[in-house]
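Participant: Provided below for reference: sequence and predicted model.
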Amino acid sequence: MKTSTLKKTFIILAHAFVGWMFCAATMGFGMAVLPMQTTLIIHAIAAPVFFFAVSLVYFKKFHFTSPWQTALIFVGFVIAMDLVVVALLILKSFEMFTSLLGTWIPFTLIAASTYLTGLFITKRA
């Protein structure tokens, strides 16, 4: 049975959303109980781990897109959600995007983790 384009889009974005939610929960919990610098370090370490797990599930079960496409979709989704939900709605500021540790390092690690996971899974298949 063929999967429709709309269903494929929903599935990949749902995976990206799950990864983003794990990151958001890490930041929310960390900011409530830890200093900001510690929270940012934990988030930078945890984000690629979360997206490794999400990518593993996605590539093993669905694999509609290439590793590179998936990495771009996942990190693009995270950037969009951070821009709209976190920066605009919650913080009402774009200051978070001036932080390497707070945004750009996790974004890069999310993309790398997703890409490398996809590459590993697709090479094994």
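Facilitator: Noted; the coordinates are in hand. Numbers count the residues shown, from 1 in each chain.
Participant: do a quick rundown of the helices in this structure.
Facilitator: With DSSP state H as the criterion, the chain has helices at 5-33, 36-61, 67-81, 105-124.
Participant: JSON lines for the ones you listed, including mean neighbour count?
Facilitator: In short, each C-beta sits where N, CA and C put it, glycine included. Listed next are these as JSON lines, based on neighbours: other CB atoms under 10 Å:
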{"stretch": "helix 5-33", "mean neighbour count": "16"}
{"stretch": "helix 36-61", "mean neighbour count": "18"}
{"stretch": "helix 67-81", "mean neighbour count": "19"}
{"stretch": "helix 105-124", "mean neighbour count": "19"}
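Participant: any chance of JSON lines for those, columns distance to Leu89?
Facilitator: Putting the helices of the chain into JSON lines (distance: least, CB to CB, whole Å) gives the following:
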{"stretch": "helix 5-33", "distance to Leu89": "12"}
{"stretch": "helix 36-61", "distance to Leu89": "19"}
{"stretch": "helix 67-81", "distance to Leu89": "10"}
{"stretch": "helix 105-124", "distance to Leu89": "19"}
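Participant: quick one: closest of those helices to Ile90.
Facilitator: With CB to CB as the measure, helix 5-33 is the member of the helices of the chain nearest Ile90 (9.8 Å).
Participant: what angle sits between that closest one and helix 67-81?
Facilitator: 50 degrees (axes from the mean of the first three to the mean of the last three CA atoms, to 10 degrees).
Participant: low-confidence regions, the protein specifically.
Facilitator: Low-confidence segments of the chain, defined by pLDDT under 70: 1.
Participant: 90 - rerun?
Facilitator: Applying pLDDT under 90 to the chain flags residues 1-3, 124-125.
Participant: apart from its chain neighbours, what residue comes closest to Cys23?
Facilitator: Nearest residue to Cys23, sequence neighbours excluded (CB to CB, 6 or more residues apart in numbering): Ala47, at 5.1 Å.
Participant: for Ile73, give me its contacts.
Facilitator: Contacts of Ile73 were listed using CB atoms under 8 Å, 6 or more residues apart in numbering, and they are 12-13, 16, 65.
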